[in-house]
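**Q** here are the coordinates; sequence isn't available:
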C-alpha cells in the first residue's frame, strides 16, 4: 500500500510543470557565482536545487523567509553559514583528535601529571 | 568577546592526555571550552599564527603522529579560527616579530601573535617566560599534581601595543575560573588576587 502511494506520488510529481524563469537579480547572482567559481550557470543551479531539495521543509521555509529581507536576511544567512562552517571545522578537529588518540606513540608521564594538577585557589574567587 | 591564544603546549598536552585515555584533564577541558564557541556566555575567537601551527605540526610529527591526521587537525584549527565570531585569519600574523623583551624567541613569537590578534587571553603553561619587566603578576592558586609536586601559579597582565591589556593565564586557572563563572578580565584579576613580585 505504501509503495503504491509512493509510486502514485512520483507519477503526480512527474506531471508537475518545472519550467521557470529567474528574476533578473537572481539570474545575475547565479551567473556571478558561475563566473567566480569557473562553473556553468546550469551547474550552479543544479547544485543549488540538489542541496535545497535535501533539506527538511522547516529549514527550507526558514531560509526562504530569512532571505526575503535583502539586508538583514543576508547578514543572518551569513552568520548561519559561519556557524555551520565553524561546526564542520570543529568536527574535523575532533575527528582528527580521536584518531590521533588511537595512533601509536609515547605518552609523556610528567606532562600528564602536570595536566592532572588539582588547585587551591587564592583570593575571594576560591569561595 | 574573548580572543584567546592557546599556546602550543596546551594542544600537545591535550594530545598526550587523549593518548593516555584520559577524558577530563586540564588541557582537555581548555580545548573543550575553546572549541565550544563561547565561555560563560561570551563568544570565543581562537587565534594562532601559522608559525605556531608549524610548531604544533613539528611536535606532533616528532611524537610519531601520522602526517595526514596532523594535517586534518591543523585544518580543523584553521577552520575554527577563520569561521570564528571575528573570522581570524592566521595569515595576518606570519609568525610575528619576536618580542625582544622575552628570552625565548618562540615565546616572543607567541606574544607577537597575541598582540597582532588583539588577544584578551593567552593560555600557557610557560608563565615565567612571559613575566617580563613591563608585566604585572598576581598570585592566583596553589597546585598539586597526583605525584605530589606542588606549584604556585600566577597570572600575568601585559599592556598590548594598542593600549588594551593581555592576560597570560595558566591552563589550570583558566579551567578553574571558567568552571566557577569567574569573569576573566584585568579588573577582576586585580580586584581578586594579590599582586606578587616578578617570579
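**A** Yep, that arrived. Note that this is a predicted model, so its numbers are computed, not measured. Residues are numbered from 1 along each chain as shown, chains lettered A, B, ... in the order given.
**Q** List phi and psi for the nearest residue to residue B:85 once chain neighbours are set aside.
**A** Using CB to CB, 6 or more residues apart in numbering or on different chains and skipping residues adjacent in sequence, the residue nearest residue B:85 is residue B:43, 4.2 Å away. Where C-beta positions appear, they are placed from N, C-alpha and C, glycine not excepted. Backbone torsions for residue B:43, taken as degrees, to the nearest 10, come to phi -60, psi 150.
**Q** what about residue B:43, neighbour count?
**A** Counted by other CB atoms under 10 Å in any protein chain shown, the residues lying close to residue B:43 total 13.
**Q** ditto for residue A:119
**A** Around residue A:119 there are 19 residues (other CB under 10 Å).
**Q** after the longest helix seen in chain A, next one along is what?
**A** For chain A, the longest helix by residue count, based on DSSP state H, is helix A:70-102. Later in the chain than helix A:70-102, the nearest helix or strand by DSSP states H and E is helix A:109-115.
**Q** Counting by contacts, list what that following helix packs against.
**A** Applying 3 or more CB pairs under 8 Å, 6 or more residues apart in numbering or on different chains; DSSP states H and E, one finds that helix A:109-115 contacts helix B:8-19, helix B:26-35.
**Q** Pull the distance from the following helix or strand past the last one to the chain's centre.
**A** Downstream of helix B:26-35, the next assigned helix or strand under DSSP H and E is strand B:38-39. Distance of strand B:38-39 from its chain centroid, counting by CA atoms, centre = their mean, to the nearest Å, is 15 Å.
**Q** ok, strand B:38-39: who's next to it in the sheet?
**A** Sheet pairing here is set by DSSP bridges, and for strand B:38-39 it gives strand B:42-46 (antiparallel).
**Q** If you count neighbours, what's buried in the partner strand?
**A** B:44, B:45, B:46 (16 or more other CB atoms under 10 Å in any protein chain shown).
**Q** ok, residues contacting it?
**A** Here strand B:42-46 makes contact (CB atoms under 8 Å, 6 or more residues apart in numbering or on different chains) with B:1-6, B:33-38, B:77, B:80-81, B:84-86, B:88.
**Q** now with 6 Å?
**A** For strand B:42-46, the surrounding residues in contact (CB atoms under 6 Å, 6 or more residues apart in numbering or on different chains) are B:1, B:2, B:3, B:4, B:34, B:38, B:80, B:81, B:84, B:85, B:86, B:88.
**Q** from what I can see residue A:111 touches residue B:14, true?
**A** No: taking contacts as CB atoms under 6 Å, residue A:111 lies outside contact range of residue B:14: 10.2 Å.
**Q** and chain B, which of its residues are near chain A?
**A** Residues of chain B that fall close to chain A, judged by CB under 6 Å from any CB of the partner chain: B:13, B:15-20, B:25-27, B:35, B:63-66, B:69, B:72-73, B:76-77, B:79-80, B:83, B:139, B:141-147, B:172, B:176, B:182, B:192-193.
**Q** Of these, keep whichever come out buried.
**A** B:13, B:15-20, B:25-27, B:35, B:63, B:65-66, B:69, B:72-73, B:76-77, B:79-80, B:83, B:139, B:141, B:143, B:145, B:172, B:176, B:182, B:192-193.
**Q** residue closest to the middle of chain A?
**A** Geometric centre of chain A, nearest residue: residue A:84, 4.6 Å, by CA atoms, centre = their mean.
**Q** Could you check how far it is from residue A:91?
**A** 11 Å (CB to CB, to the nearest Å).
**Q** ditto for residue B:45
**A** Residue B:45 is 19 Å from residue A:91, by CB to CB.
**Q** where in chain B is pLDDT low?
**A** The model of chain B has pLDDT under 70 over residues B:92-107.
**Q** all strands of it, in order?
**A** Along chain B, counting by DSSP state E, strands occupy B:2-6, B:38-39, B:42-46, B:121-123, B:136-144, B:150-159, B:165-169, B:194-196.
**Q** now for the longest one, which elements pack on it?
**A** In this case it means strand B:150-159. Strand B:150-159 sits against strand B:136-144, strand B:165-169, with contacts defined as 3 or more CB pairs under 6 Å, 6 or more residues apart in numbering or on different chains; DSSP states H and E.
**Q** Give me the sheet partners of the last one and which way each runs.
**A** Here strand B:165-169 is paired, per DSSP bridges, with strand B:121-123 (parallel), strand B:150-159 (antiparallel).
**Q** give me the number of residues near the residue nearest to residue B:7 when sequence neighbours are not counted?
**A** Computed as CB to CB, 6+ apart, the closest residue to residue B:7 that is not its neighbour in sequence is residue B:124, at 3.6 Å. Residues contacting residue B:124 under the criterion other CB under 10 Å number 24.
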